[in-house]
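Trainee: here are the coordinates; sequence isn't available:
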Ligand code: DOR
Ligand code: ZN
């Protein structure tokens, strides 16, 4: 039995708490207990890019970040688009996991494999549709295939998660900005403009309304998308919106400092205030990290060959706790966005995992501290106040300062 003494709940009550599991007493005076986090959006790179992350390093990074459940994306090599590939992926994950992280997997939508939706519906957390291309070769932008995917997902009670960027518009804008694209990282945000996201999302919302598909909009990054989502929610469309830490905490100013390292899809924007407003008015339902590790040497490549994405799972909670100190978000909202709501949206069973945080601990983010194989962070140098101290998963305590 784990006995947690004198811990404060996120609602401010001081309690003693017990969890079935190893024999351990934690003197938790001064610590605050939250449900362990669910990260509904990670890329742990298996199979095919284990040098960027695998489930040993990914699980360690997750635990250090207060996360005990992750939902992993299908843009692997090969892409996870069938029951067979899901089974193969799961077998590798089970071999790699040292810390027994809880996880769910998305099926990737591929227009030639849409019959896999029915075959895998009980094994997946959702169907991921890339409406615009990003890392990997998953892309589904043919209108007929999209219709069919939304229809089949609804018929099989499968949640559709979209990467909403319009491929044709990305191509058109890339052709127009060819010169800038080759040299200037900032052009990434201009090419993948707010209109690019808005156009794809409008299509997804229309299909969700038509077929009554439950729709999860990954990495909402613009006020234009938020307006569309607000309207759709008012109409009764079953749509859920995710915000990422990088769109909440970083802006296009980062290109000056980081160059190609600042590339991410959808790109950095200057819509931070609109996103925080949408957290306040509950247009945003979840926070997902979009933990997308790439090595520094890959990120430093020139425009055109540098990949997009940031590793961030181990800073997920610290960034939010720091924002709590800045009065941007309450502990109750953090719990709702990182645990209660993802659980409800993805129909994920309740468990006893918790994270104990030290709200007063201040620490500067250092690349050398990171457990992810990416070993670099766009947040390096930031001083954050409030860090996970113990993460409790399946009745075992992980001291986040002690894990090797
Ligand atoms: O920036 C991104 N990186 N966006 C995506 O959609 C994919 C991700 C990755 O897997 O690298
Ligand atoms: Zn992603």
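Mentor: Looks like it arrived, so ask away. Small disclaimer: the values here were computed from a predicted structure and weren't measured. Residues are numbered from 1 along each chain as shown. Ligands and ions are numbered 1, 2, ... in the order given.

Trainee: how about the residues of this structure that lie near ligand 1?
Mentor: The chain comes close to ligand 1 at residues 43, 75, 134-135, 163, 264-265, 292, 307-309, as judged by C-beta under 6 Å from any ligand atom. In short, each C-beta sits where N, CA and C put it, glycine included.

Trainee: In the residues you listed, find the pair that's most separated.
Mentor: The largest separation in these, counting by C-beta to C-beta, is between 163 and 307 at 15.1 Å.

Trainee: what about those two, which has more around it?
Mentor: residue 163 (25 against 19; other C-beta atoms under 10 Å).

Trainee: can you pull the contacts of the closest residue to that one other than its chain neighbours?
Mentor: Once flanking residues are discounted, residue 163 sits nearest to residue 130: 4.6 Å by C-beta to C-beta, 6 or more residues apart in numbering. Contacts of residue 130 were listed using C-beta atoms under 8 Å, 6 or more residues apart in numbering, and they are 75, 108-109, 136, 138-140, 163.

Trainee: try 6 Å this time
Mentor: Taking C-beta atoms under 6 Å, 6 or more residues apart in numbering, we find residue 130 in contact with 138-139, 163.

Trainee: show me where the stretch 1-150 of the chain has helices.
Mentor: For the stretch 1-150 of the chain, the helices defined by DSSP state H, counting those that start in this stretch cover 55-64, 83-96, 116-120, 143-155.

Trainee: Need the winner for burial among the ones you listed.
Mentor: helix 55-64 (a mean of 26; mean count of other C-beta atoms under 10 Å).

Trainee: nearest spatial neighbour of residue 142, skipping sequence neighbours?
Mentor: Per C-beta to C-beta, 6+ apart, closest to residue 142 is residue 111, 5.9 Å.

Trainee: I'd like to know how far that neighbour sits from residue 144.
Mentor: Shown here: residue 111 relative to residue 144, a distance of 8 Å by C-beta to C-beta, to the nearest Å.

Trainee: repeat for residue 363
Mentor: 51 Å.

Trainee: Check which helices and strands whichever strand or helix holds residue 358 sits against.
Mentor: Per DSSP states H and E, residue 358 falls inside strand 354-364. Helices and strands touching strand 354-364, as assessed by 3 or more C-beta pairs under 6 Å, 6 or more residues apart in numbering; DSSP states H and E, comprise strand 32-35, strand 383-393.

Trainee: Flag the shaky bits of the stretch 151-300 of the chain, pLDDT-wise.
Mentor: Applying pLDDT under 70 to the stretch 151-300 of the chain flags the ranges 180-181.

Trainee: Could you pull out the buried residues of stretch 285-296?
Mentor: 285-295 (16 or more other C-beta atoms under 10 Å).

Trainee: Any chance you could list what contacts that stretch?
Mentor: With contacts defined as C-beta under 6 Å, 6+ apart, stretch 285-296 is touched by 39-43, 52-53, 219, 240-245, 307, 309, 311-313, 316, 337-338, 341-342, 372, 374, 376.

Trainee: Out of these, list just those in helices.
Mentor: Residues from the contacts of stretch 285-296 lying in helices, with DSSP state H as the criterion: 245, 316, 341-342.

Trainee: ok, back up a step: using JSON lines, please lay out the helices and strands packed on strand 354-364 together with distance to residue 151 and mean neighbour count.
Mentor: Below are the helices and strands packed on strand 354-364 laid out as JSON lines (distance: least, C-beta to C-beta, whole Å; neighbours: other C-beta atoms under 10 Å):
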{"stretch": "strand 32-35", "distance to residue 151": "35", "mean neighbour count": "21"}
{"stretch": "strand 383-393", "distance to residue 151": "38", "mean neighbour count": "22"}
